[in-house]
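# Give the three-dimensional model of this entry:
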Amino acid sequence: MVSQEFSGDSGELEPDSTRLRNHEHSIGPDRLRRTFRNRARYSACALCGRASGNDCPCCCLRSSARGHKYGFARPYEQADDILAKEHLDVCIAVMPVEYISEIGMKLLQAKMPCLVEKPLGTTIAEARRLLEAAKTTGTTNMVSVNRRFMPLLNRGVEWAKVAGTLRYMRCAMFRHARPEPDFLRFTAIHAVDTMRFIGGEVRASEIRALTSAPPHWYAIDLQFKNGVQGRIDVLPTAGLVEETYELAGDGFRAVITSPFGPRRSLRGYRENQLVLEEMAGSETPEDVTQGFYGETTALIEALRDGKPPKPSIEDVFPSVELCFQLADHAEKNASTHRVSSAR
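Here you go, the predicted model:
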């Protein structure tokens, strides 16, 4: 058995090697602020879609002391101001769901390379407009779906490829006290997109409510075009914040708990034996474990090398579309517990 703890120190990019022409990036709230503070030394400015006066991290970064502490060169309150006054290489726009499409459209139409948030909008119509804007303008873009960049997940996927032919995948998305009605659309998109990232395009899907009244729990069955079968359990009020991905084939199984769980880990089993075990070390920054650092690094590397960053709006849109379709079917049949086919 191979057992180890991983750290974010291996394979890390030196700040100078990832700096772009202007080495300035516009950033929204909290998590990108932490990424730049902890893992690099870029000059950065804050972009916020919220109105002035709201309790938003980037709107609060008005003092030079706080701005310097978190790596921001200048704070802004309006997107128009930052686009007019700064010469940016890329804009990383992190904001509430209701502003994703509006600000994303603004950036795409301004030919500003950008990273936008999932689920691309509050409705599928908003998400589709953003997709069409990306296609029409040809502006370089990327979507923040951080699970694709989690070190434990990617090592587990690579291990499973060597172990044998993948036949079945499962994601268990546990949360505590998350009764919001849009959980399936706005949060479960992470599970759906990660399953697509691993298994490829989805041929058919079904959803079933596991509870008779809100907050609803759901079971989602997926059939992938390559023949792999999948299952997602969406349990938003299960009393624990944990997310686990399981990959199985003849004679092997990989279990990845990340980005949330009491102990983030990767375990690989072959012939009923634990042969691989990795734990996220306590010294590893959260932005590395959760994939945000890898995501930001991939964006900057792609721009530096003149390549299109991945995943793009076009890459992620099928995940968004499927998630919204599943939610629509679930709501339509909530009172009957019927199994609904989304596609």
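
# any idea how far Gln273 is from the residue nearest the centre of the chain?
Nearest residue to the geometric centre of the chain (C-alpha atoms, centre = their mean): Val145, 2.0 Å. Plainly put, Val145 is 33 Å away from Gln273 if you go by C-beta to C-beta, to the nearest Å. C-beta coordinates here come from the backbone N, C-alpha and C atoms, glycine included.

# Check Ile100 too.
From Ile100 to Gln273 the distance is 45 Å (C-beta to C-beta).

# Which parts of the protein belong to which domain?
15-145+304-309, 148-294+321-341 (automatic domain parsing).

# Quick check, pLDDT for Ser282.
Looking at Ser282, its pLDDT stands at 88.

# Leaving out chain neighbours, which residue sits closest to Leu83?
Distances taken as C-beta to C-beta, 6 or more residues apart in numbering place Ala110 nearest to Leu83, at 5.8 Å, with adjacent residues excluded.

# What count of nearby residues applies to the one you found?
Residues near Ala110, counting by other C-beta atoms under 10 Å, number 15.

# for it, phi and psi?
phi -90, psi 0 (degrees, to the nearest 10).

# likewise Pro285?
The phi/psi pair for Pro285 (degrees, to the nearest 10) reads phi -60, psi 150.

# so how far is Pro179 from it?
The gap separating Pro285 from Pro179 is 31 Å, by C-beta to C-beta.

# With Asp221 instead?
For Asp221, the distance to Pro179 equals 24 Å [C-beta to C-beta].

# Would you mind measuring from Ala127 to Leu322?
Applying C-beta to C-beta, the value for Ala127 to Leu322 is 11 Å.

# for Arg203, same thing?
For Arg203 relative to Leu322 (C-beta to C-beta), the value is 11 Å.

# ditto for Ala209
Separation of Ala209 from Leu322 (C-beta to C-beta) stands at 17 Å.

# what's the answer for Glu132, then?
18 Å.

# So for the two, which sits in the more crowded spot?
Neighbours per residue, other C-beta under 10 Å: of Glu132 and Leu322, the larger number sits with Leu322, 22 against 13.

# in which helix or strand would I find that one?
For Leu322, the element it lies in under DSSP states H and E is helix 313-332.

# Kindly report the same for Asn154.
Of the helices and strands defined by DSSP H and E, Asn154 is found in helix 151-163.
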